[in-house]
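Participant: For reference, the sequence and a predicted model appear below.
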Amino acid sequence: MSSWWKSAVVYQIYPRSFADSNGDGVGDLPGVESRLDHLSDLGVDVVWLSPVYVSPQADNGYDIADYQAIDPMFGTLDDFDRLLAAVHERGIKLVMDLVVNHTSDEHPWFVSSRDGGPDGPHREWYWWHPPREGFAAGSPGAEPTNWESFFSGPAWMLDEASGEYYLHLFDRKQPDLNWENPQVRHAVYAMMRWWLDRGVDGFRMDVINLVSKVLPLRDGAPNGHGALGDGSPLYTTGPRVHEYLQEMHREVFDRYPGRELLTVGETPGVTLEEAIAFTDPNRREVDMVFQFEHVGLDHGPSGKFDPVPLDLLDLKASLGRWQAGLGSVGWNSLYWDNHDQPRVVSRFGDDGRYWRESATALATLLHLHRGTPYVYQGEELGMTNAPFASIADVQDVEALGFYGQQVAFGHDPEVLLEGIRAMGRDNARTPVQWSAGPGAGFTTGTPWLAVNPNATWLNADAQRDDPESVLSHYRRLIALRHAEPVVADGDFTMLVPDHPHVYAYARELDGDRLVVVVNVSSDEQEVALADLVPPGAALGDVVLANLPPVGGEGTTPTPDPGAVVRLRPWEARVNLSR
């Protein structure tokens with residue numbers, strides 16, 4: 001029997017930017033509750049809520065100071081309970097963000113770890129190390145390893161009181177937990193059970209494949225950033241990560257038989273072979289993983305802030321490999337956007353002349369693969385990247401760290417800003433555009449991050465009752481997944497793999513054949529019908545399209561072996577034959 005989440009669609013809410021109920025410019029839980037009818041109307045099955053826990057907000061909530069309390073900026077536990085009940089009343093599940101590779105440096109565990117000194121009760125809950133042998137604490141190169149943090153600079157921070165360093169793969173206010181310590185793991189499992197007892201339906205696990213480090217900790221290869229090195233081979237999908245996840249399953253999820261829970265692991269740098277191990281249901285680790293290969297295809301020689309145009313053949317090769325590799329064992333997560341990625345219509349589409357067409361084409365291309373689709377807030381409206389005028393408009397800690405480091409290295413600030421405009425995480429974090437009014441209907445106050453100026457025409461109110469809108473297309477796309485078992489359970493075959501501008505594939509199950517054909521360009525394209533259907537077969541009825549039919553198009557009852565399918569710019573068509 002197919003698992004329920006194979007036909008489900010998940011909607012990610014970044015609460016800070018979703019809806020503000022009290023006019024302070026920051027989204028909150030009552031605001032989320034006020035917009036749940038939008039999600040019901042869209043047809044989604046699961047809401048993934050980005051962190052709402054108590055946090056000093058060094059990394060917008062991914063630095064948690066109390067795992068069992070709601071940050072006052074978002075509301076209270078009572079607000080959360082009301083939201084959870086309201087979500088469940090609509091037949092939607094709610095998944096929490098589990099951030100346990102690291103905590104905030106203001107978490108009581110870390111405060112005790114630091115202030116209790118080397119012999120304190122929580123010292124071994126984090127990665128504390130003395131300076132490198134032969135170096136005085138605080139001197140250049142004294143860090144225990146040469147690892148660079150994800151947010152630039154060394155991954156070690158000196159505590160002057162003890163003369164030792166603590167590890168932080170991300171911001172210095174995000175110290176890594178030491179999962180080698182069983183006390184850490186069981187404290188995490190107890191916290192997870194507390195949320196499941198409260199009624200939540202699972203977890204999205206932030207960078208979960210970083211929790212196991214290769215011991216002893218050691219230097220990585222030089223990475224060209226001064227004396228810093230790349231430690232990722234020494235902490236990505238480390239030697240005990242599968243052991244830890246299996247233990248988590250036993251200690252947490254196995255205690256809730258009969259509950260339809262969802263577990264998804266965010267796994268940067270994961271290989272296809274590793275993903276099979278994470279998601280093989282017989283191993284009892286996670287239901288699916290987020291992998292990053294396809295969203296790295298437009299990263300240039302200098303990384304994500306040095307973008308290059310997407311080569312569609314690279315995308316086919318990447319997504320095709322994952323479709324084939326997780327075809328019989330495991331499961332894919334399907335996404336373009338999330339809180340860490342720029343807006344896909346600006347990134348891979350055409351957010352000018354063909355904004356609506358490319359937004360709907362890219363959605364169609366993604367959603368009908370084998371896997372569980374994720375919609376990030378505003379993606380269903382075709383929200384675009386934001387026009388940040390200067391670095392002063394940018395708030396993201398990753399972008400600011402990169403900018404400061406690269407300016408210090410002598411790089412052109414304007415070139416750096418251009419890369420941040422294209423790829424920075426703030427693009428995903430501008431407030432959701434609900435209306436054309438002040439604050440885009442997000443807030444009656446001053447929003448924490450400026451609203452995109454195009455909210456005057458690009459907003460939910462303008463699209464809600466328009467059958468041709470991006471929003472309406474997403475509704476139809478989600479409904480198709482729910483209605484046709486072939487979308488959830490069908491086999492996958494890539495078609496026209498060498499076509500540089502058309503992405504096409506077939507899904508087949510029990511005699512049903514779904515064919516998805518998408519023109520990923522701003523020019524007309526052609527595909528031979530014979531490349532889309534077996535000899536003598538028909539393409540079938542059009543069950544979804546993002547453009548109105550031309551002439552007599554719609555079905556192909558008598559296929560002509562020499563026929564050609566002509567596609568207008570950014571046209572997407574889905575045909576079903578039975």
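Facilitator: Done, it's in.
Participant: Please spell out the segments of the protein that come in under the pLDDT threshold.
Facilitator: Low-confidence segments of the chain, defined by pLDDT under 70, span residues 1-2, 551-559, 561.
Participant: And the residue nearest the centre of it?
Facilitator: Nearest to the geometric centre of the chain sits N338, at 3.9 Å (Cα atoms, centre = their mean).
Participant: Then that one would be within a strand, right?
Facilitator: No. Counting by DSSP: H, G, I helix; E, B strand; the rest coil, N338 is located in no strand; its state is coil.
Participant: Now it. Its backbone dihedrals?
Facilitator: phi -160, psi -170 (degrees, to the nearest 10).
Participant: So it versus A136, what's the distance?
Facilitator: 42 Å (Cβ to Cβ, to the nearest Å). C-beta: built from backbone N, CA, C; applies to glycine.
Participant: One more: A530?
Facilitator: Noted for A530: a distance of 73 Å to A136, by Cβ to Cβ.
Participant: Likewise for D197?
Facilitator: To A136, D197 is 49 Å away according to Cβ to Cβ.
Participant: packing partners for the helix ranked longest in the chain?
Facilitator: Counting residues, the longest helix found in the chain (DSSP state H) is helix 182-198. Other helices and strands packing on helix 182-198, by 3 or more Cβ pairs under 8 Å, 6 or more residues apart in numbering; DSSP states H and E, are strand 66-70, helix 241-251.
Participant: And the next helix or strand past it?
Facilitator: For helix 182-198, the succeeding helix or strand toward the C-terminus, using DSSP states H and E, is strand 202-205.
Participant: can I get the CA coordinates of that following strand in CSV?
Facilitator: What follows is strand 202-205, C-alpha atoms only, in CSV (Å, rounded to 0.1, in the frame of the first residue of the first chain):
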residue,chain,number,x,y,z
GLY,A,202,6.5,15.0,12.4
PHE,A,203,9.7,16.9,11.8
ARG,A,204,11.8,18.4,9.1
MET,A,205,15.3,17.8,10.4
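Participant: Please state the offset of the helix or strand just after it from the chain centre?
Facilitator: Using DSSP H and E, the helix or strand that follows strand 202-205 in sequence is strand 221-222. Centre-to-centre, strand 221-222 and its host chain are 28 Å apart (Cα atoms, centre = their mean, to the nearest Å).
Participant: Name every strand pairing with strand 221-222 and say which way it goes.
Facilitator: Strand 221-222 pairs in its sheet with strand 229-230 (antiparallel), by DSSP bridges.
Participant: Which residue ranges of the stretch 251-400 of the chain form helices?
Facilitator: 272-279, 312-325, 344-347, 355-367, 397-408 (DSSP state H, counting those that start in this stretch).
Participant: packing partners for the third one?
Facilitator: Contact analysis of helix 344-347 by 3+ Cβ pairs under 8 Å, 6+ apart lists helix 355-367, helix 413-423 as its packing neighbours.
Participant: out of those helices, deepest packed?
Facilitator: Among those, judged by mean count of other Cβ atoms under 10 Å, the one packed with the most neighbours on average is helix 355-367 (a mean of 26).
Participant: sorry, back to before: of A530 and A136, who's got more company?
Facilitator: Ranked by neighbour count (other Cβ atoms under 10 Å), A530 and A136 place A530 first, with 15 against 9.
Participant: Helix, strand or coil: sort out the more buried one for me.
Facilitator: helix.
Participant: Next: the one 3 residues further on.
Facilitator: Classification of V533 by three-state DSSP places it in coil.
Participant: For the nearest residue to F170 once chain neighbours are set aside, grab the count of nearby residues.
Facilitator: Among residues not flanking F170 along the chain, F150 sits closest, at 5.2 Å (Cβ to Cβ, 6 or more residues apart in numbering). Other residues lying near F150 total 19 when counted by other Cβ under 10 Å.
Participant: show me the contacts for F150.
Facilitator: 169-170, 398 (Cβ atoms under 8 Å, 6 or more residues apart in numbering).
Participant: same deal with H225?
Facilitator: Neighbours of H225 in contact, by Cβ under 8 Å, 6+ apart: 148, 152, 405.
Participant: Checking my notes, it in a strand, right?
Facilitator: No. Going by three-state DSSP, the assignment for H225 is coil, not a strand.
Participant: Against P534, how distant is it?
Facilitator: 53 Å.
Participant: Could you do S50 as well?
Facilitator: Per Cβ to Cβ, S50 is found 45 Å from P534.
Participant: For these two, indicate the residue with more neighbours.
Facilitator: S50 (23 against 10).
Participant: can I assume the more buried one is in contact with S17?
Facilitator: No. Counting by Cβ atoms under 8 Å, S50 does not reach S17; the two are 9.4 Å apart.
Participant: I'd like to know how far the nearest residue to the residue nearest to the centre of the chain once chain neighbours are set aside sits from G437.
Facilitator: Nearest non-adjacent residue to N338, counting by Cβ to Cβ, 6+ apart: Y376, 5.0 Å away. Using Cβ to Cβ, Y376 is found at 23 Å from G437.
Participant: Same question for R82.
Facilitator: R82 sits 26 Å away from G437, going by Cβ to Cβ.
Participant: can you check H499 too?
Facilitator: Distance from H499 to G437, by Cβ to Cβ: 44 Å.
Participant: Comparing those two, which shows the higher neighbour count?
Facilitator: Higher neighbour count among H499 and G437: H499, with 19 against 13, using other Cβ under 10 Å.
Participant: Verify the contact between that one and V527 for me.
Facilitator: Yes. The criterion here is Cβ under 8 Å, and H499 meets it with V527 at 6.6 Å.
Participant: List the buried residues for the host helix or strand of D81?
Facilitator: Element membership for D81, per DSSP H and E: helix 77-89. By 16 or more other Cβ atoms under 10 Å, the buried positions in helix 77-89 come out as 79-80, 83-84, 86-87.
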